[in-house]
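Novice: Turn this into a model:
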Amino acid sequence: MLKKSTTMCSKDAEIKAIENLFNMNGYFAEYFSENEVEHMIQNIKNDLTFGMGVLVSSVDHDKEVAKLEQKVSEVTAKYEEKLAQQKDNYKASADSFRIQAKHLGAGLLKAAENGDKEAADVAKSWLGMKGVVEIKLEFGYKLTQEEVSYVMSNLNGR
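Specialist: Numbering: from 1, shown residues only. The predicted model follows:
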């Protein structure tokens, strides 16, 4: 329990106590900014009320802004890193899918080359003419007359 002293404290002793409280970097320092403490000390030196003209706030706004900015930077960096990882994973998955699709298309075209008309129709509808031609050229399959005409029309810019 707190008990007030019956003797008056000197200005110097009171100022020293306030400085010590602030310098201990505890609750007092969190509650009052350095400017507010300096204002309190000046009030004591001028025989004014301790808190006169002191904006009593529970936060040092500059410290809080700096803390929030730091937190925003940390969170942003964390999510940018996660986004980059997801992008890399997506790219790897997409590359894997393209490779699998190309091999599946090549299988359909190989079956078509062996006379499977249904495989040829599926490959053409799934890959489009451009995809069919690209895969046939990559895997060394023979082009049909329709595919040769497609290549020729694209070479001539028609």
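Novice: who does the helix ranked longest in the chain touch, helix- and strand-wise?
Specialist: Ranked by residue count and defined by DSSP state H, the top helix of the chain is helix 61-113. Using 3 or more Cβ pairs under 8 Å, 6 or more residues apart in numbering; DSSP states H and E as the contact test, the elements touching helix 61-113 are helix 117-139. Quick note: C-beta positions are derived from backbone N, CA and C, even for glycine.
Novice: May I see the buried residues of the helix it packs on?
Specialist: Neighbour counts over helix 117-139 (16 or more other Cβ atoms under 10 Å) mark 119, 120, 122, 123, 124, 127, 131, 132, 133, 135, 136 as buried.
Novice: Return the member of these nearest to residue 49.
Specialist: Minimum distance to residue 49 across these is 84.6 Å, recorded for residue 131 (Cβ to Cβ).
Novice: tell me the contacts of the closest residue to the closest one other than its chain neighbours?
Specialist: Spatial nearest neighbour of residue 131, excluding adjacent residues (Cβ to Cβ, 6 or more residues apart in numbering): residue 105 at 6.4 Å. For residue 105, the contact set (Cβ atoms under 8 Å, 6 or more residues apart in numbering) comprises 123, 126, 127, 131, 132, 135.
Novice: rerun that using 6 Å as the cut-off
Specialist: By Cβ atoms under 6 Å, 6 or more residues apart in numbering, the residues touching residue 105 are 123, 127, 135.
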